[in-house]
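Participant: here is the input, now give the coordinates:
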Amino acid sequence: MFLTVPAAPTPRAATEVRSFGRTLFATTRPITSGCLLLLCFMMTSPAFLTAALLAEPASTAAEAGDWCAEHEVPESKCTLCNPALIPGFQAVNDWCAGHELPESICPMCSHGVPDPPPITADDWCAGHEVPESRCTICHPKLVPGFQAMGDWCAEKRLPESVCPHCNGGPLLGASVAPALSDTDSPTVPAGNDWCAGHMVPESKCTLCNPELIPGFKEAGDWCAEHELPESVCPQCKPPGIDQVPIEQRIVRFLNPEKEQEAGIGFLPIRRGDHDAVLEAPARIEFDANRVAEVRAVVPGLVQAIYISQGDRVEGTDPLFDLVSPEIGEIQAALRAATTKVRVKTQQLKRQQTLAARHIVGAWDVEQAEMALDVARAELAAAQTTLDAVGADAEGVPGYFTVRAPLSGIVVRREAGLGSHADLEHSLAKIVDTSHLWVLCELAERDGRRIRPGALLHFQGDDGQSAQGRITWIAAEVDPVTRTIPVRAEIENPNGSLRAHQFGRARIILPHTRGTWMVPREAVQTIEGRDVVFVRREQGLYQPREVQRLGEGDWVPVRGSLSAGDQVVTTGAVLLLTEMLPGSIGAGCCEVEPLGKTRGGG
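Facilitator: Numbers count the residues shown, from 1 in each chain. Modelled structure (predicted):
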C-alpha cells in the first residue's frame, strides 16, 4: 500500500496528515520495520514537514470554538452575525462591500481565508456522520448559507463538502459508534463522547487521556494487555456485529483456501462513464386519447349496420342507422321553424313598407323584427340537434345516421339490428392503433432518476420491438405495489403491436459520469441497502454500500469503490447470508468488525 502526500498540502491534507500521525503513535501494536521506514521517509520529506506546520499552527483565527460554519469565517470576525464589528473593519480599510465581510477573510474573494477547523470527535454528529457544526439536518437554519455558497448536496440535504455519500464515506475516522444491545459488551455513549480512533468512549479512553489510568486501576476496571478500562475494551468485549455499520464489517473464511471450494467468483469493476439503463416489466395499452366509444345522442332502435368488428373506418364514415320518435319530432319542428322564418320575414318587410308611408309606427317594425329573431332561433336549435345526431331534415322522418368520430379500427361492436341505443350503452369502440402507450412500473428508488423525454425501448415477448419517449411519470407511488407508473408513446404504423401485450422496457438514462459498472449478480441487498462485496485478499471480503443507477448484465453504481477493486459475483449470496442479522450462516466463515486483529496473526 502506498501513501501519497501532495507536494502543496491543502488544509484537508494537513488535517489528514495530523490524524495519521496521531493514530500511528497512539496505537499499542508493534510497528514493523517497513512501517517505520515509511514513517521516517514521510517525516523527512518537505511535503510532510510543510503539512505538519499547516496542521499545528501556533495560533489561528479558525479554532474550533471561533468558527462561524454558516459563513465560513472566524466567529470573532463575522460581521454578518455581529454587525457591530463593521465600523472597526471599515476604519482600517479591511472591508469587502460586495459581500459585507472583512476583505482579509472574505471566502468569496479568497483573500487569505483561514482554514476551517479540523474535524474532531468533539464536533461530530454521530447520527448523520458529519461535523455537528455543519449538520444541516439537526440545524436546518444553516441550510440557506450552504446553498448560497454552492456547497450543497440536494439528495442528502447536507453540505457537499462533508456529505459522506459524496465524499465516499464519513470524514471522521470511524463515523458511528455501534449501539450495543449485549449487556456484556461495552456501552457506546450517545452524542460526541466517542473516540473513533480506539473505538471506546472518549471519557474512558486512557490511550488519549493517560491521566485517567490510576482511577480505573483503583476501581479494578483495567485491561493491562490493551491498556484500556476492561468495561469498554473492544478487544476483550467486542461490540455485537449486528450493530456495526455495514461498511465497517468484513467477512472472512476460517480457512482462506476454502474460497475456491465454496465457488466464490469475482471480477474487476469497470469504469462507467456512459449511459445507464433501467429495466422493468412493461405492457402495451391503447392511447386513451385515440379511443372512441360510439353512442347514440338520442334514444333509438338500430335499423341498419355498416361495420363489422376489425373493419377500418375513416372519420365521418356511416356506422349505424337508427330510428327515433324524438328525431321525428325534431325534424317536424325544423320544418315548422323554417316556415315560420319565411312568414316572419315577409311580415317584417310589409311593416317596413307601411312605416315608410307613415301608416304604422316604429314600434310595429320593432315587433316584427323581434318575431323574426325568435323564429330564426327556433330554426337554429332544431338544425343543431339534427346535425349533432346525424339526421337530415329532408330525410326519412325519424331516421338518423351515427358516424365515426375518428379514423381507426373497430375493435368492438356491441349493437345488432333492433338493439336499443342510448347514451348509457356503447354501440361500438373505435381505436386509432397507429399510436400506442407503453406502461411500466419502476421501483420507488428509481423514480427520481428519470425525466419526461427519456428514451424507452420496448421488447415484446414475441420478439417485436419499438421505441418512444416517456411522456408521463406518476405523481404518486402505488400504495400496494410501492412502484411508480411510467408511460411512453410509441408508433405502430403497421398495427403489428397490440394492446395488453407484455414485454420489457429499457429506459436510457442521461450520460452519467463518476460511476462504476459491476456485474448484476454482485449487487446484493441487506437492511434495505444495496451492497457489493469487495475481495481484499483471498478469503477476505468487505461489503461496500452502493447506489444502483440502472439495470442490465453490468449495473452502473456509485459508491466508495476504486479502480482495481474486485467484486464477488458467484457466491455473493453466501456472503450476504453471513451478513444477515441472526443468520446461522454456512459455518465456513465469520463476520467481524473491520480492523479487528486475529489471534496469532
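
Participant: from here on, just use CA atoms for contacts and neighbour counts.
Facilitator: Fine.

Participant: how distant is the longest helix along the chain from the center of its chain?
Facilitator: Longest helix in the chain, counting residues (DSSP state H): helix 325-356. Its chain's C-alpha centre and that of helix 325-356 lie 69 Å apart, by C-alpha atoms, centre = their mean, to the nearest Å.

Participant: for it, buried residues please.
Facilitator: Of the residues in helix 325-356, those buried by neighbour count under the rule 16 or more other C-alpha atoms under 10 Å are 327-328, 330-338, 340-341, 344-345, 347-348, 351-352, 354-355.

Participant: now stretch 429-444
Facilitator: 429-442.

Participant: separation between the residue nearest to Val162 when sequence neighbours are not counted and Leu509?
Facilitator: Distances taken as C-alpha to C-alpha, 6 or more residues apart in numbering put Val130 closest to Val162, at 6.1 Å, once the chain neighbours are dropped. Separation of Val130 from Leu509 (C-alpha to C-alpha, to the nearest Å) stands at 31 Å.

Participant: what do you get for Ile264?
Facilitator: Counting by C-alpha to C-alpha, the gap from Ile264 to Leu509 is 32 Å.

Participant: same thing with Pro452?
Facilitator: As for Pro452, its distance to Leu509 is 11 Å (criterion: C-alpha to C-alpha).

Participant: more crowded one of those two?
Facilitator: Leu509 (19 against 13; other C-alpha atoms under 10 Å).

Participant: so what pLDDT did that one get?
Facilitator: With respect to pLDDT, Leu509 scores 79.

Participant: quickly run through the sheet partners of the helix or strand containing it, with directions.
Facilitator: Taking DSSP states H and E as the definition, one finds Leu509 inside strand 502-512. Using DSSP bridges, strand 502-512 pairs in its sheet with strand 274-286 (antiparallel), strand 455-460 (antiparallel).

Participant: so of those, which one's packed in deepest?
Facilitator: strand 455-460 (a mean of 21; mean count of other C-alpha atoms under 10 Å).

Participant: could you dump that strand to CSV, C-alpha only?
Facilitator: Provided in CSV are the C-alpha atoms of strand 455-460 (Å, rounded to 0.1, in the frame of the first residue of the first chain):
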residue,chain,number,x,y,z
LEU,A,455,-35.9,7.2,-24.5
LEU,A,456,-37.7,3.9,-23.9
HIS,A,457,-37.0,0.7,-25.8
PHE,A,458,-39.8,-1.9,-25.7
GLN,A,459,-39.0,-5.6,-26.4
GLY,A,460,-42.2,-7.7,-26.7
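
Participant: what's it in contact with?
Facilitator: 282, 438, 465-470, 488, 501-509 (C-alpha atoms under 8 Å, 6 or more residues apart in numbering).

Participant: what do you get if the cut-off is 10 Å, keeping everything else the same?
Facilitator: For strand 455-460, contacts defined as C-alpha atoms under 10 Å, 6 or more residues apart in numbering pick out 277-284, 438-439, 464-471, 487-490, 497, 501-510.

Participant: the chain - how does it break down into domains?
Facilitator: As recorded under automatic domain parsing, the domains making up the chain are 11-118, 246-272+516-593, 278-287+432-512, 295-429.

Participant: backbone dihedrals for the spatially closest residue to Arg295 that is not a sequence neighbour, please?
Facilitator: Nearest residue to Arg295, sequence neighbours excluded (C-alpha to C-alpha, 6+ apart): Ser426, at 5.0 Å. The phi/psi pair for Ser426 (degrees, to the nearest 10) reads phi -80, psi 140.

Participant: what's the neighbour count on Ser426?
Facilitator: Neighbour tally, Ser426, other C-alpha under 10 Å: 17.

Participant: hmm, Arg413 and it touching each other?
Facilitator: Yes. Assessed by C-alpha atoms under 10 Å, Ser426 is found in contact with Arg413 at 8.4 Å.

Participant: so what's in contact with these two at the same time?
Facilitator: Glu293, Val294.

Participant: what number of residues are in the vicinity of the residue lying closest to His198 once chain neighbours are set aside?
Facilitator: Among residues not flanking His198 along the chain, Cys205 sits closest, at 7.5 Å (C-alpha to C-alpha, 6+ apart). By other C-alpha under 10 Å, 24 other residues sit near Cys205.

Participant: quick check: pLDDT value at Cys205.
Facilitator: For Cys205, the pLDDT comes out at 88.

Participant: okay, and for the stretch 251-400 of the chain, where does confidence drop off?
Facilitator: Along the stretch 251-400 of the chain, segments meeting pLDDT under 70 span 273-275.

Participant: and what about Gly447, helix, strand or coil?
Facilitator: helix (DSSP: H, G, I helix; E, B strand; the rest coil).

Participant: confidence score at Arg18?
Facilitator: On the pLDDT scale, Arg18 gets 37.

Participant: how close does Arg449 sit to Val531?
Facilitator: With C-alpha to C-alpha as the criterion, Arg449 and Val531 are 19 Å apart.

Participant: what's the answer for Gly265, then?
Facilitator: In this view, Gly265 and Val531 are 16 Å apart by C-alpha to C-alpha.

Participant: neighbour count for those two, which is higher?
Facilitator: Shown here are Gly265 and Val531; by other C-alpha under 10 Å, Val531 has more neighbours (24 against 16).

Participant: count the residues that sit near the nearest residue to Gly328 once chain neighbours are set aside.
Facilitator: Using C-alpha to C-alpha, 6+ apart and skipping the chain neighbours, the partner closest in space to Gly328 is Gly398 (3.9 Å). By other C-alpha under 10 Å, the residues close to Gly398 number 20.

Participant: what residues are up against Gly398?
Facilitator: Contacts of Gly398 (C-alpha under 10 Å, 6+ apart): 300, 322-332, 391-392.

Participant: buried stuff in stretch 489-503?
Facilitator: Judged by neighbour count using 16+ other C-alpha under 10 Å, the buried positions of stretch 489-503 are Glu489, Ile490, Asn492, Leu497, Phe502, Gly503.

Participant: show residues contacting that stretch.
Facilitator: Here stretch 489-503 has contacts from 280-287, 409, 432-440, 456-472, using C-alpha under 10 Å, 6+ apart.

Participant: one more time with 7 Å
Facilitator: 281-286, 433-438, 458-461, 466-471 (C-alpha atoms under 7 Å, 6 or more residues apart in numbering).
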